[in-house]
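[1] pasting a predicted model and its sequence here:
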Amino acid sequence: MDFQFDHLVHYMEDPHQAIADLKEEGIHAVEGGKHGNRPTFNVLTYFDLSYIEIIGTSDKQTLEQMNHPRHSMIETIIESDYNEGFVRFVVRTSDIQQAAEHFRSKGLTVNGPVPLSRKRPDGTLLEWNLLFIGKEDEDLQLPYIIQWNESDAERREDLTKRGVIAPHDTEAEFSHVHFAVHDVNQVIKNWSEWLDLPEIGEAYVDDKLQATCRTLGLPGGNLVFCEPIGEGLVANILKERGEKPFQVNFKGNIAKDFEISGGRYHLEEK
């Protein structure tokens, strides 16, 4: 399969505040726009074609009354009781129908593809298709799958012209996402098979996180799964939020950590 990392979803009560918060940390972010078929809107920060979508809703009651596909991102947000922080991530493909067949062959629940759109601030319409996949009784939600209606080259050119893709003061480049999990060996076994991803390197102990971690390689952004070995950040994440992405990592011209509305951002000096 031709899977690539597309974006990480960060739920916030006030996404617009993230533009100023990220700017203060040397990260460029812009208003994304409003979704066409539900009361949600977003702010975006791009690192080439890998990006973070900071999403919020203007009407929780209406959102809850709508029908959402099983294993959809909105379902995850509602079931978490709008807990601020990283929610899910999204994998990009150039053939979403083939992806659907692939995941069905792995015994996963598959819903979609579903056509969606968002109106940009300038009024232009952006369109794509989503595929929602899952395994019942799994705490760690699988990514959902996106196919854009433009090629990567077309999107890169368009987003650069619009100033959406632009240099960051920190020169940040997207690196990887950390996930808190209960059983890292089982997750690696399942996800490598389901997503057809290779493991990179060997298991290692992260003393700062107090966790054993293993990595799956995904073009555009690797996936690092961490199981706690004692009291610490990963153990706390599991107690408070369950199995979730909890930290996004970059390489830039400065080393620092900061947190915005439940999401941890880590920059490592190049």
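    Now that the structure is in, tell me what you want to look at. Numbers count the residues shown, from 1 in each chain.
[2] can you show me the helices along this structure?
    15-24, 60-65, 73-79, 96-105, 152-161, 184-195, 233-241 (DSSP state H).
[3] would you format these as JSON lines with mean neighbour count included?
    Bear in mind the C-beta positions are built from the backbone N, C-alpha and C, glycine included. Output for these, formatted as JSON lines (neighbours: other CB atoms under 10 Å):
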{"stretch": "helix 15-24", "mean neighbour count": "17"}
{"stretch": "helix 60-65", "mean neighbour count": "12"}
{"stretch": "helix 73-79", "mean neighbour count": "18"}
{"stretch": "helix 96-105", "mean neighbour count": "16"}
{"stretch": "helix 152-161", "mean neighbour count": "13"}
{"stretch": "helix 184-195", "mean neighbour count": "17"}
{"stretch": "helix 233-241", "mean neighbour count": "18"}
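[4] and those helices as a markdown table, adding mean pLDDT and distance to residue 215?
    Below are the helices of the chain laid out as a markdown table (pLDDT from 0 to 100; distance: least, CB to CB, whole Å):
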| stretch | mean pLDDT | distance to residue 215 |
| --- | --- | --- |
| helix 15-24 | 97 | 26 |
| helix 60-65 | 93 | 35 |
| helix 73-79 | 92 | 23 |
| helix 96-105 | 97 | 22 |
| helix 152-161 | 96 | 24 |
| helix 184-195 | 98 | 9 |
| helix 233-241 | 96 | 15 |
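[5] please identify which of these is closest to residue 168.
    Checking the helices of the chain against residue 168 by CB to CB gives helix 15-24 as the closest, at 9.0 Å.
[6] starting at the chain centroid, how far to the closest one?
    18 Å (CA atoms, centre = their mean, to the nearest Å).
[7] mind giving me the packing neighbours of that helix?
    On a contact count with 3 or more CB pairs under 8 Å, 6 or more residues apart in numbering; DSSP states H and E, helix 15-24 meets strand 30-35, strand 40-47, strand 50-57, strand 256-260.
[8] returning to what we had before: want to try a markdown table for the helices of the chain, with distance to residue 54 as columns?
    Output for the helices of the chain, formatted as a markdown table (distance: least, CB to CB, whole Å):
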| stretch | distance to residue 54 |
| --- | --- |
| helix 15-24 | 4 |
| helix 60-65 | 16 |
| helix 73-79 | 12 |
| helix 96-105 | 24 |
| helix 152-161 | 16 |
| helix 184-195 | 25 |
| helix 233-241 | 17 |
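[9] would you mind measuring the gap between the ends of stretch 77-93?
    23 Å (CA to CA, to the nearest Å).
[10] among the helices of the chain, which is nearest residue 254?
    Here helix 15-24 is closest among the helices of the chain (CB to CB), at 13.2 Å.
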